[in-house]
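Engineer: Make a model of this:
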Amino acid sequence: MSPQVKQTPSIQWDGTTWVVRLPVEDGNRIEATWKPGRTYIVRIREAGEETWSFGFETPLTHLSFDGLNPDTEYELEIRTKSAAGKGTPKILRVHTGPTGRTDNVIPFPRR
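Structural biologist: Numbering: from 1, shown residues only. Just a heads-up that it's a prediction; the model follows:
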């Protein structure tokens, strides 16, 4: 059995975009990219389930989700948030591949 290589977090800024990579359990990682100036509230659930995950607020313009069930349909709820309040939620359906991963699945609504 080979030892796992420990990943370390990284943050990069190119003057307009942030890129963050964070290690998670089992050797996977979360990667996020965003441009400052927009905020969204995101929740996820398996299609057909009643209960959503806890919501998280993010400025991210796209997300990848790891560790989801393979070959499964999910719903994402995306809502804008600003000084004027919360926007109307948008629901996006995505289908995971054989590894249980989705990439760049959130085309956020424009303000």
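Engineer: Need the contact partners of the longest strand seen in the chain.
Structural biologist: If each strand of the chain is counted by residues according to DSSP state E, the longest one is strand 73-82. The set of residues external to strand 73-82 that reach it, using CB atoms under 8 Å, 6 or more residues apart in numbering, is 38-47, 52, 55, 57, 65, 68, 86-96, 102, 105-106, 108-109, 111. In this view, the C-beta of every residue, glycine as well, is placed from N, C-alpha and C.
Engineer: Those in helices, which ones?
Structural biologist: Taking DSSP state H, every one of the contacts of strand 73-82 sits outside helices.
Engineer: In strands, which of the residues you listed appear?
Structural biologist: Those of these lying in strands (DSSP E): 40-46, 57, 86, 90-95.
Engineer: And these, which two are furthest apart?
Structural biologist: Between any two of the ones in strands among the contacts of strand 73-82, the greatest separation by CB to CB is 27.4 Å, found for K86 and H95.
Engineer: which intervals of the protein have sub-threshold pLDDT?
Structural biologist: Scanning the chain for pLDDT under 70 picks out the ranges 1-6, 26, 35-37, 61-62, 100-111.
Engineer: okay, which residue is most central for it?
Structural biologist: What sits nearest the mean C-alpha location of the chain, by CA atoms, centre = their mean, is L63, with 3.4 Å.
Engineer: For E50, see how far away that residue is.
Structural biologist: 23 Å (CB to CB, to the nearest Å).
Engineer: If anything else comes up later, I'll come back, but that's it for now.
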